[in-house]
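S.K.: Sequence plus the predicted model coming up.
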Amino acid sequence: MNKLTKLKLLKNKLHFIFQFKKIDGKYTVILPDKYKKPIKMIKYVLSVIGLFSAFIIFKTVFIAFLFGLGLFLIGKLIERTTFSYFTMFVHPLPDFKVDMAKWIGTGFCYYPDPQNANVEIPVVSWIFSDKEYATNIHNLMFAWSYGNYEDKDKNISLSVILHNNNQYTFYCYPSLDRKFAKLFHNYIENETLKEKSTRDDIHNKLFLIFIIGKLFDMPSTSYLPLFKQRYSNGDPFIFCIMYAEDISKTPSMINGINKFIFHTLKIKSDGELTRQDIEYDLIRMN
């Protein structure tokens, strides 16, 4: 590890411990909750020092002034200190061995609605070369959607990130604002408020999630570019998990696996991603 990397890691570590931000128009020092007691102790010690400073004889008035100014500035800094605490919500994780080699392809199309010939339904499919593994992926997604095949609450997020070299990466992950994640963090906030009787603490909400993702080539015959033109994020679409011995064979449905109806499919080029997108850092790490 070179010196530059070490400095960056040290900077990130210090930023994680110590932050200086503007909150409600005032600059505030933010420290982890574990430093609350030491900071309070320092405040009491400074108060005692301030009281006993009346008995200290300084050589000059200027030194006395600097001493008093120093105590004042440290006191103001402590007053501007806000404490933060962290909680982590763990979304359902795989209980099987992950092997992305068994995910061999994807599919995009529009299919005529059986009830209305004038309407076409967007359909997205994943193709696996192993039925048992496909079932495991299905069950994991079923857990993410709280046992619902129609994911009206958008508990699952899917994204297709396009690259310049006729490739794309398909991602799927549980949404960070799933119902139980919100309930968990709200519960922690209420319990913390009861225990510490303060509303000033900053709650940093962390998540542990498993992200399914794989890079695919996009051949000239791919329907994905046209699908991108037709599809608007938020429109419901059918999602199928299918089986094929290899990608040259016609995929088929798997017994015991139902179709999902999802409502979130982000399709963007990697240049359109911002730090607000989870995929932004995922692409950078590849």
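M.R.: Thanks, I have it. Numbers count the residues shown, from 1 in each chain.

S.K.: Wait, residue 112 touches residue 119, no?
M.R.: Yes. Assessed by Cβ atoms under 8 Å, residue 112 is found in contact with residue 119 at 7.5 Å. For the C-beta atoms, the positions are set from N, CA and C on the backbone; glycine is no exception.

S.K.: tell me the secondary structure for residue 221?
M.R.: Classification of residue 221 using DSSP: H, G, I helix; E, B strand; the rest coil returns coil.

S.K.: Check it and give its pLDDT.
M.R.: We have a pLDDT of 90 for residue 221.

S.K.: Show the contacting residues for the closest residue to residue 250 other than its chain neighbours.
M.R.: Residue nearest to residue 250 in three dimensions, not counting chain neighbours: residue 244, with 6.9 Å by Cβ to Cβ, 6 or more residues apart in numbering. Going by Cβ atoms under 8 Å, 6 or more residues apart in numbering, residue 244 touches 104-105, 127-129, 250-252.

S.K.: Please repeat the previous calculation with a cut-off of 7 Å.
M.R.: By Cβ atoms under 7 Å, 6 or more residues apart in numbering, the contact list for residue 244 reads 104, 127, 129, 250-251.

S.K.: what's the single longest strand in the protein?
M.R.: Secondary structure of the chain per DSSP state E: the longest strand is strand 116-128.

S.K.: Now do the helix or strand that that one is followed by: everything it contacts.
M.R.: Heading C-terminal from strand 116-128, the first helix or strand you meet, by DSSP states H and E, is helix 131-144. For helix 131-144, contacts defined as Cβ under 7 Å, 6+ apart pick out 91-92, 94, 96, 99, 102, 128, 155-156, 174, 241, 243, 254, 256-257, 260.

S.K.: and helix 131-144, which residues are buried?
M.R.: Within helix 131-144, the residues scored as buried using 16 or more other Cβ atoms under 10 Å are 131, 133-144.

S.K.: Would you mind putting the residues you listed into JSON lines with distance to residue 180 alongside?
M.R.: As requested, these are exported to JSON lines (distance: Cβ to Cβ, whole Å):
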{"residue": "131", "distance to residue 180": "30"}
{"residue": "133", "distance to residue 180": "27"}
{"residue": "134", "distance to residue 180": "26"}
{"residue": "135", "distance to residue 180": "24"}
{"residue": "136", "distance to residue 180": "22"}
{"residue": "137", "distance to residue 180": "21"}
{"residue": "138", "distance to residue 180": "20"}
{"residue": "139", "distance to residue 180": "18"}
{"residue": "140", "distance to residue 180": "16"}
{"residue": "141", "distance to residue 180": "16"}
{"residue": "142", "distance to residue 180": "15"}
{"residue": "143", "distance to residue 180": "11"}
{"residue": "144", "distance to residue 180": "11"}
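
S.K.: my guess is residue 107 meets residue 122, correct?
M.R.: No. Counting by Cβ atoms under 7 Å, residue 107 does not reach residue 122; the two are 11.3 Å apart.
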